[in-house]
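[1] predicted model, plus sequence, below.
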Amino acid sequence: MKNTFYQYIQDLQDIITSRLEAIDGKATFQEDIWKRAEGGGGRTRVIENGHVFEKGGVNISAVHGKLPETMQKHFGVSDANFFACGLSLVLHPKNPMVPTVHANWRYFEMYNEHGDIADSWFGGGQDLTPYYLFEEDAIHFHQTCKTACDKHSPEFYPTYKKRCDEYFYNAHRSEARGIGGLFFDYCKASDNMTMENWYNFVTEVGNSFLEAYVPIVEKRKDLPYADAHRNWQEIRRGRYVEFNLVHDKGTLFGLKTNGRIESILMSLPPHVQWVYNHHPKAGSEEEKLLEVLNKPVDWV
């Protein structure tokens with residue numbers, strides 16, 4: 001399974017980066033091939049200072065070796081080896097009317113002392129973080145997610161939408177990071193789902209990403225905006241940074257397994273503001289966004 005999924009994310013990285021370069025029309029992805037001393041490595045691709053994308057990354061990795069002690073405690077095992085591979089992407093558009101997007105699809109194996117697979121699972125998801133709320137965009141993104149889920153189970157979308165709302169939440173701010181999407185983890189073989197079934201589901205979601213996001217980008221990327229819109233975007237980006245550094249499990253896993261720091265922190269936007277005790281004007285479009293972030297919405 002690990003070889004099959006790793007080949008899938010290599011191919012998907014090529015598809016996604018090619019499409020994004022065509023949309024941007026100016027910038028191209030810089031590629032770095034890196035190796036991890038303990039085992040494995042990855043292929044990082046970053047785009048910067050484009051016409052559409054101010055900064056973004058579409059990264060794949062496949063790492064293996066002894067599970068760090070901190071992670072052994074987390075999983076309740078001792079002296080275990082592991083393999084993990086995945087594709088992780090974050091895109092920060094220049095125009096504040098275009099939302100930031102994040103997606104991740106991953107596979108994990110853990111081995112016993114004999115080298116046999118003791119446990120394995122899939123995880124991933126995709127979510128949207130707008131700065132200005134266009135409800136039709138939110139509906140489109142969530143409907144695309146739901147369509148992908150419904151091909152495998154009618155329970156998947158409501159379950160993983162709810163988990164996404166719960167996970168991408170800045171508890172210290174009492175607000176969501178964005179308007180959600182899908183989040184699933186520890187998807188293991190069961191009576192109802194084999195690992196092949198989970199593979200088919202995860203790749204279905206991965207294949208839906210461009211359909212979910214690209215129409216939104218194309219619709220909003222040339223809308224006019226002023227300095228005030230840009231300032232609000234940078235303030236909200238600060239909340240994005242806070243989540244990634246304080247709460248995000250992927251960031252913490254990468255740091256604890258001696259991952260490549262440049263790839264791990266690729267998700268951070270280039271221009272951010274933290275304004276003391278900032279509150280938008282009553283009745284403004286900025287306040288409208290915060291109202292949605294304070295309570296999850298059923299978009300479809």
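    Ah, there it is.
[2] could you measure from the nearest residue in space to Asp119 that is not next to it in sequence over to Lys249?
    The shortest distance from Asp119 to any non-neighbouring residue, by CB to CB, 6 or more residues apart in numbering, is to Met110 (4.6 Å). For glycine as for every other residue, the C-beta is placed from the backbone atoms N, C-alpha and C. Separation of Met110 from Lys249 (CB to CB, to the nearest Å) stands at 16 Å.
[3] swap in Glu196?
    Glu196 is 25 Å from Lys249, by CB to CB.
[4] which stretches of the protein form helices?
    Here the chain has its helices, by DSSP state H, at 2-24, 69-75, 135-150, 156-167, 195-220, 227-246, 249-256, 261-264, 285-293.
[5] name the surrounding residues that touch the second one.
    What it means is helix 69-75. Contact with helix 69-75 is made by Leu67, Ser78, Asp79, Ala80, Phe82, Met110, Asp119, Phe253, Lys256, Thr257, as judged by CB atoms under 8 Å, 6 or more residues apart in numbering.
[6] in contact with the first one, which residues?
    Looking back up the chat, that one is Leu67. Contacts of Leu67 (CB under 8 Å, 6+ apart): Phe75, Val77, Ala80, Asn81, Phe82, Met110.
[7] distance of it from Gly39?
    11 Å.
[8] for Gly86, same thing?
    Distance from Gly86 to Gly39, by CB to CB: 15 Å.
[9] have a look at the two and say which one is more surrounded.
    Gly86 (22 against 14; other CB atoms under 10 Å).
[10] thought that one was touching Arg43?
    No: counting by CB atoms under 8 Å, Gly86 does not reach Arg43; the two are 11.9 Å apart.
[11] now the common contact residues for these two.
    Joint contacts of Gly86 and Arg43 (CB under 8 Å, 6+ apart) are Ile60, Ser61.
[12] list the contacts of the residue nearest to Asp127 when sequence neighbours are not counted.
    In space, Asp127 comes closest to Gly181 once its chain neighbours are excluded; the distance is 3.8 Å by CB to CB, 6+ apart. Listed by CB under 8 Å, 6+ apart, the contact partners of Gly181 are Gly125, Gln126, Asp127, Leu128, Phe141, His142, Cys145, Lys161, Cys164, Ala212.
[13] which stretches of the stretch 51-200 of the chain have low pLDDT?
    Within the stretch 51-200 of the chain, not a single segment meets pLDDT under 70.
[14] do I have it right that Leu290 meets Pro280?
    Yes: Leu290 lies in contact with Pro280 (CB under 8 Å); the separation is 6.7 Å.
[15] dump the residue contacts of Gly57.
    Counted by CB under 8 Å, 6+ apart, Gly57 has contacts Thr44, Arg45, Val46, Ile47, Ser88, Leu89, Val90, Ser263, Met266, Ser267.
[16] show the buried residues in the residues you listed.
    Thr44, Arg45, Val46, Ile47, Ser88, Leu89, Val90, Ser263, Met266, Ser267 (16 or more other CB atoms under 10 Å).
[17] ok, the last one touching Leu245?
    What that stands for is Ser267. No: look at Ser267 against Leu245 with CB under 8 Å: they stay out of range, at 9.7 Å.
[18] joint contacts of those two?
    Common contacts of Ser267 and Leu245 (CB under 8 Å, 6+ apart): Thr251.
[19] Lys249: what's it in contact with?
    Lys249 neighbours (CB under 8 Å, 6+ apart): none.
[20] ok, now Glu285?
    So Glu285 contacts Tyr132, Leu133 (CB under 8 Å, 6+ apart).
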